[in-house]
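> Just the structure for this:
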Amino acid sequence: MIAVLKQKIRPQQLEVFLNELTATGAIVYPVQWGEQSLVVTSPLSSAAVGVLDRSPLVESTIDTGSVFQLTSRCFQRKNTVIHVGDARIGDGSVAIIAGPCAVESREQVAAIAELLHGQGIRLFRGGLFKPRTSPYSFQGLGFAGLDILRELKARHRFVIVTEALSERCLKELIGTADIIQIGSRNMQNFSLLKEAGGAGIPVLLKRGLAATMDEFLLAAEYLMAHGNSRVILCERGIRTSCCHTRNTLDLSAIPYLKEQSHLPVIVDPSHGTGRSELVLPMARAAVAAGADGLLIEVHPSPADALSDGHQSLTPDLFRRLVEEVDRVAVAVGTRLTRNSPPF
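The predicted model follows:
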């Protein structure tokens, strides 16, 4: 249950109200939602309902009828649009976030930046911290790569998307990153979700390796319950018995999530398939299914990539993807977001 509070409530009044709810056995989460003050309560006993009904502080209540609250379409009917600089995600167009799996060098980043700039792509994704299965695989440049992203941002005015693996990592990235990615392996890292919820920066949340939709949306709920209304959901494939692809890309997640939630939904066909030759057709399919955006890995020379070269597109394949996705977007009544260089 979500209680929408009236304006101009004194701190002492709020404290008394929250104590009354807590005394009924309810778990209480005060949330500031833009200019609106909310209280999310769970579980809701008849005694708690009574407190809500008779309190003069409550403007209205919303029963979402589900285990998730702030992420629910019942809470907010209108689609959430994420504004980051001049970029928009969730506004009805299709955004492309692209870049290397891992930032390797200034030369590599410069080559990809030129490619993206030429295609009118504003959102640059590059990993500094890589959670690899093997401890002997390339783990990313770490904090040493921050200067590369800072220089890229200053020169080309890209919106920077990069992954945080820990609370310390998150704090160090703020100021350089415009969107923080929380990866599949960290989808249920609850301490990181809480920290990111209060960080004041948009979060791109990837679905866990075998997460259900409820688990995925409840992970987003952690972010929102801690004050972050700017959350992007990313379907990136799940682990199944199939072995012909790295993961099984669940495109049914797109319409399902958009029915259940107001949050924008993007798709990562690079990790979803793990095979560069499958990225283009699955990107087209994702747009046709209603995705708000795509997360695409690209590398100047995939064969030489230090991480995930097998699923990274060459520059020529990336240009082809942009053109094909643009045509599909128009066919289904939307458009691809592209900025005319210079940005």
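> Would you mind measuring the gap between the ends of stretch 207-220?
Length of stretch 207-220, first residue to last, C-alpha to C-alpha, to the nearest Å: 10 Å.
> again, but for stretch 156-164
23 Å.
> Pull out the buried positions in that stretch.
Using 16 or more other C-beta atoms under 10 Å as the burial criterion, the residues of stretch 156-164 that qualify are 156, 158, 159, 160, 161, 162, 163, 164. No exception for glycine: its C-beta is placed from N, CA and C like everyone else's.
> Surely the fifth one and residue 183 touch.
No. Under the criterion of C-beta atoms under 8 Å, residue 161 makes no contact with residue 183, lying 11.6 Å away.
> In TSV, list the buried residues of stretch 156-164 along with distance to residue 122 and secondary structure.
Below are these laid out as TSV (distance: C-beta to C-beta, whole Å; DSSP: H, G, I helix; E, B strand; the rest coil):
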residue	distance to residue 122	secondary structure
156	9	helix
158	6	coil
159	6	strand
160	10	strand
161	11	strand
162	15	strand
163	19	strand
164	21	coil
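> Which members of those residues are the farthest-apart pair?
Using C-beta to C-beta, the two most remote members of those are 156 and 164, lying 22.2 Å apart.
> Mind listing what's buried along stretch 313-321?
For stretch 313-321, the neighbour count (16+ other C-beta under 10 Å) marks 313, 314, 315, 317, 318, 321 as buried.
> Of the residues you listed, which is the nearest to residue 213?
Distance to residue 213 across the buried residues of stretch 313-321 (C-beta to C-beta) is lowest for residue 321, with 27.3 Å.
> and the one helix or strand the closest one maps to, what does it pack onto?
Applying DSSP states H and E as the criterion places residue 321 in helix 315-331. Helices and strands touching helix 315-331, by 3 or more C-beta pairs under 8 Å, 6 or more residues apart in numbering; DSSP states H and E, are strand 95-99, helix 106-118, helix 276-288, strand 293-297.
> now what about stretch 279-293, what contacts it?
In this structure, residues lying in contact with stretch 279-293 by C-beta atoms under 8 Å, 6 or more residues apart in numbering are 89-90, 94-97, 232, 235, 249, 251, 254-255, 258, 264-267, 269-270, 272-273, 294, 296, 311, 313, 317, 320-321, 324-325, 328-329, 331-332, 334.
> Now list the buried members of the residues you listed.
Buried among those (16+ other C-beta under 10 Å): 89-90, 94-97, 232, 235, 249, 251, 254, 258, 264-267, 269-270, 272-273, 294, 296, 311, 313, 317, 321, 325, 328-329, 334.
> rounded to a whole number, what's the mean pLDDT of the helix holding residue 321?
What helix 315-331 shows for mean pLDDT is 98.
> what residues does it touch?
Helix 315-331 is contacted by residues 93-94, 96, 98, 111, 115, 119, 121, 276, 279-280, 283-284, 287-288, 294, 296, 298, 300, 313, 335-336, 338 when judged by C-beta under 8 Å, 6+ apart.
> The same query, at a cut-off of 6 Å, please.
Residues from elsewhere that reach helix 315-331 (C-beta atoms under 6 Å, 6 or more residues apart in numbering): 94, 115, 119, 280, 283, 284, 287, 288, 298, 335, 336.
> now for those residues, which pair is the farthest apart?
Maximum pairwise distance among the contacts of helix 315-331 (C-beta to C-beta): 24.8 Å, between 115 and 288.
> Looking at the two, which has the bigger crowd around it?
Using other C-beta atoms under 10 Å as the criterion, residue 115 and residue 288 rank with residue 115 on top: 21 against 15.
> Quick one: residues in contact with the helix or strand encompassing residue 217.
According to DSSP H and E, residue 217 maps onto helix 213-225. Residues outside helix 213-225 that contact it (C-beta under 6 Å, 6+ apart) are 29, 67-68, 70-71, 187, 193, 196-197, 203, 205, 207, 231.
> quick one: which of the buried residues of stretch 156-164 is nearest residue 82?
The shortest approach to residue 82 among the buried residues of stretch 156-164 belongs to residue 159, at 10.2 Å (C-beta to C-beta).
> how far away is that closest one from residue 147?
Separation of residue 159 from residue 147 (C-beta to C-beta, to the nearest Å): 18 Å.
> confidence score at the residue in the chain sticking out farthest from the centre?
Residue farthest from the centre of the chain, counting by C-alpha atoms, centre = their mean, is residue 54 at 38.1 Å. Residue 54 is assigned 93 on the pLDDT scale.
> Give me the distance between it and residue 29.
Separation of residue 54 from residue 29 (C-beta to C-beta) stands at 21 Å.
> ok, now residue 22?
The gap separating residue 22 from residue 29 is 11 Å, by C-beta to C-beta.
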